[in-house]
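Enquirer: Fold the following and give me the result.
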Amino acid sequence: MPKAKGKTRRQKFGYNVNRKRLNRNARRKAAPRIECSHIRHAWDHTRSVRQNLAEMGLAVDPNKAVPLRKRKVKAMEVDMEERPKDLVRKPYVLNDLEAEASLPEKKGNTLSRDLIEYVHYMVANHGEDYKAMARDEKNYYQDTPKQIRNKINVYKRFYPSEWQTFMDSLQNKKMEVD
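Expert: This is a model prediction of the structure:
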């Protein structure tokens, strides 16, 4: 659809804009931010991506770093062995990445406080009677006995030590009552 006549405005040159800063900021925005802190701190902005990664001992193209053996030509394998290896000037980056990768993964998922309290309430009042739990007035979401059993099993799986202490405390309360 064409624009209405007289509605476009002529662009005027901004004399008060610092062109050097404008170009530098544009370049900074154009270059992607490197998420890995080890690589980001060792990165040299004056070098290319290939040179930077070669200095760190990392591969730009994994297909070229670990080539597949070709069955047809035997002479090419000899040529590949003669090629000199790139000098690793920043081996600490590779060591840091390997150390970080060898750390065990943290368990990030947890259960909600409401679900934990729900399970505690149900088990404390009804024990293993899932049908009674399903009829309980605190069963707001109208869970079936199987759904309640599954929620309790999930809690047992996520927090085995807390579950054991909870069950021990229930046993102690029953002994005190008897």
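
Enquirer: can we go C-alpha only for contacts and neighbour counts from here?
Expert: Fine.

Enquirer: Which segments of the protein make up each domain?
Expert: Under the assignment the TED database, the domains of the chain span 19-65+85-102, 113-176.

Enquirer: the strands in this structure, which residues?
Expert: With DSSP state E, there are no strands along the chain.

Enquirer: Take the domains of the chain and write them to TSV, including mean neighbour count.
Expert: Listed next are the domains of the chain as TSV, based on neighbours: other Cα atoms under 10 Å:
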stretch	mean neighbour count
domain 19-65+85-102	13
domain 113-176	14
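
Enquirer: quick one: contacts of the top helix by length along the chain?
Expert: Scanning the chain for the longest helix, with DSSP state H as the assignment, gives helix 160-177. Outside helix 160-177, the residues that touch it by Cα atoms under 8 Å, 6 or more residues apart in numbering are 124, 155-156.

Enquirer: Kindly recompute the last result at 7 Å.
Expert: Applying Cα atoms under 7 Å, 6 or more residues apart in numbering, the contact partners of helix 160-177 are 124, 156.

Enquirer: ok, back up a step: as CSV, the domains of the chain with distance to residue 6 and mean pLDDT would be great.
Expert: What follows is the domains of the chain, written out as CSV (distance: least, Cα to Cα, whole Å; pLDDT from 0 to 100):
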stretch, distance to residue 6, mean pLDDT
domain 19-65+85-102, 30, 88
domain 113-176, 63, 94
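
Enquirer: Nearest to residue 12, out of those domains?
Expert: Among those, domain 19-65+85-102 comes nearest to residue 12, with 14.9 Å by Cα to Cα.

Enquirer: And that closest one, end to end?
Expert: 47 Å (Cα to Cα, to the nearest Å).

Enquirer: Can you show me the helices along this structure?
Expert: Counting by DSSP H, the helices of the chain are 19-30, 37-42, 49-56, 62-65, 75-82, 91-102, 113-126, 130-135, 145-158, 160-177.

Enquirer: wait, which of these is closest to residue 10?
Expert: Nearest to residue 10, of the helices of the chain and by Cα to Cα, is helix 19-30 at 20.3 Å.

Enquirer: if we can go back for a sec, would you convert the helices of the chain into JSON lines that also reports distance to residue 9?
Expert: Listed next are the helices of the chain as JSON lines, based on distance: least, Cα to Cα, whole Å:
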{"stretch": "helix 19-30", "distance to residue 9": "23"}
{"stretch": "helix 37-42", "distance to residue 9": "43"}
{"stretch": "helix 49-56", "distance to residue 9": "42"}
{"stretch": "helix 62-65", "distance to residue 9": "51"}
{"stretch": "helix 75-82", "distance to residue 9": "62"}
{"stretch": "helix 91-102", "distance to residue 9": "53"}
{"stretch": "helix 113-126", "distance to residue 9": "59"}
{"stretch": "helix 130-135", "distance to residue 9": "70"}
{"stretch": "helix 145-158", "distance to residue 9": "64"}
{"stretch": "helix 160-177", "distance to residue 9": "69"}
